[in-house]
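Visitor: I would like to see how this sequence folds:
(4 chains)
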2 protein chains.
Amino acid sequence: MQREDLGSLFGRIIRRLIAAEKPLLDGHGLSMWGYGVLTHLAKQSAANQLALATAIGYDKSRLIALLDDLEQDGLVLREPDPADRRNRRVRLTPAGKARLAAVRADIRAMEDDLLAGFTAAERRSLTRMLTRLANG
Amino acid sequence: MQREDLGSLFGRIIRRLIAAEKPLLDGHGLSMWGYGVLTHLAKQSAANQLALATAIGYDKSRLIALLDDLEQDGLVLREPDPADRRNRRVRLTPAGKARLAAVRADIRAMEDDLLAGFTAAERRSLTRMLTRLANG
DNA sequence: GCCTATGATAGGCACATGCATACTAATCTG
DNA sequence: CAGATTAGTATGCATGTGCCTATCATAGGC
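Guide: Numbers count the residues shown, from 1 in each chain, chains lettered A, B, ... in the order given. Model prediction:
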């Protein structure tokens, strides 16, 4: 029973993260997946909804209602693609960017708190290794 | 949009881990939570089921059926606590230990594969940091 | 010896998930 | 132009989850 499972470690960490993030997201009227969509769109607008769904690992059927909500809140915009009228491009509105920035500030503060015991070098090393694992 | 969210990183990693672990567990006839129970019991037998549930972060109601299954498969044993007959101690059977060892070998191999690009020093550093985060 | 608290168990509720199907509009292929 | 493919959308199903309530046996406090 030497070393502990990665699965168990990551599982416990994810639980802590979710528990800490949930109230912050609630405070800004965002769901986990809603936040995921905004975050992704901040990096790059989506050429179509299917691409967005696969990019964030969400079900394309479920994405519809999620986008409906975000659009109704004025955070994202679905616009037709003139080149291929089947596609609907999705991008952030200014309000979406603002909302994201606000949540992100809260989340960053929470994460800083979580990493309080880590030196700057450790944090860099950790995020670098996590990124490698995530993109494997 | 400087650094990426911890939540997003951990989320993607967890997805990869689950996708890789699921078939291994299936191959040994274990569910995620079943594996979690066996792993925990290998570290220490549970004084009662409630303690076990909270230790692994599982719902105490749901634990019943899970233990029923594990017991029926001969992997764990529920035995009365002579000191307090409300309690039911839970511990691994030899078959449970054997099953756990088998799954664990598979999982360890999978994890080694996942960490293929990491040096021994990096792995140590990673697990040390993850443990700190998990036990915050 | 009563009253309260605790552990094991059963059951239900609301919700999110992955997965599958179906339908329409638009595009592409031959 | 006809047939196949793709994007968006709606919907349904089985499953798993957290949470909450109820019941029963046992313990412990007073």
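
Visitor: For the rest of this, base every contact and every neighbour count on C-alpha atoms.
Guide: Noted.

Visitor: Quick check, A:Ser45 in contact with A:Arg89.
Guide: Yes. In this structure A:Ser45 lies within contact range of A:Arg89 using CA atoms under 8 Å: 7.4 Å.

Visitor: who's more crowded, the two?
Guide: Higher neighbour count among A:Ser45 and A:Arg89: A:Arg89, with 20 against 15, using other CA atoms under 10 Å in any protein chain shown.

Visitor: any idea where the helices of chain A begin and end?
Guide: Secondary structure of chain A (DSSP state H): helices at A:6-27, A:32-43, A:49-56, A:60-72, A:94-114, A:120-135.

Visitor: Which residue comes closest to the residue nearest to the spatial centre of chain A once chain neighbours are left out?
Guide: The C-alpha lying nearest the average C-alpha coordinate of chain A belongs to A:Gly36 (CA atoms, centre = their mean; 2.6 Å). Excluding its sequence neighbours, the residue lying closest to A:Gly36 (CA to CA, 6 or more residues apart in numbering or on different chains) is A:Ile56, at 6.9 Å.

Visitor: Contact partners for the residue lying closest to A:Leu38 once chain neighbours are set aside?
Guide: Sequence neighbours aside, A:Leu100 is the residue nearest to A:Leu38 in space, at 6.5 Å (criterion: CA to CA, 6+ apart). Each residue near A:Leu100 by CA atoms under 8 Å, 6 or more residues apart in numbering or on different chains is listed here: A:Tyr35, A:Leu38, A:Thr39.

Visitor: Out of the residues you listed, which comes closest to A:Asp106?
Guide: Of all those, A:Asp106 sits closest to A:Tyr35, with 12.5 Å by CA to CA.

Visitor: Contact partners for that closest one?
Guide: Each residue near A:Tyr35 by CA under 8 Å, 6+ apart is listed here: A:Leu25, A:Leu100.

Visitor: Could you measure from it over to A:Gly29?
Guide: For A:Tyr35, the distance to A:Gly29 equals 10 Å [CA to CA, to the nearest Å].

Visitor: returning to what we had before: pretty sure the residue nearest to the centre of chain A is touching A:Gly57, no?
Guide: No. A:Gly36 lies out of contact with A:Gly57 (CA under 8 Å); the separation is 9.7 Å.

Visitor: Around chain B, pick out the residues from chain A.
Guide: Where chain A comes near chain B, counting by CA under 8 Å from any CA of the partner chain, the residues are A:1, A:5-14, A:16-18, A:36, A:42-43, A:108, A:111, A:114-115, A:126-127, A:129-131, A:133-134, A:136.

Visitor: coming back round to it: how far away is the residue nearest to A:Leu38 from DNA strand C?
Guide: Applying CA to the nearest atom of the strand, to the nearest Å, the value for A:Leu100 to DNA strand C is 19 Å.

Visitor: Quick one: low-confidence residue ranges for chain A.
Guide: Counting by pLDDT under 70, chain A contains low-confidence ranges at A:1-2.

Visitor: Which positions in it make contact with DNA strand D?
Guide: A:48-51, A:60-62, A:64-65, A:86-89 (CA under 7 Å from any atom of the strand).

Visitor: If any of those are buried, give me the PyMOL selection for them.
Guide: Buried residues within these, by 16 or more other CA atoms under 10 Å in any protein chain shown, are selected in PyMOL with:
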select buried, chain A and resi 48+49+50+87+88+89
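
Visitor: ok, of the residues of chain A next to DNA strand D, which one's closest to DNA strand C?
Guide: A:Arg86 (4.4 Å; CA to the nearest atom of the strand).

Visitor: Check the residues of chain A next to chain B for burial and list the buried ones.
Guide: Looks like the residues of chain A next to chain B have A:5-14, A:16-17, A:36, A:42, A:111, A:115, A:126-127, A:129-131, A:133-134 buried, using 16+ other CA under 10 Å.

Visitor: and the residue nearest to A:Gly36, how many neighbours does it have?
Guide: Neighbours of A:Ile56 using other CA under 10 Å come to 15.
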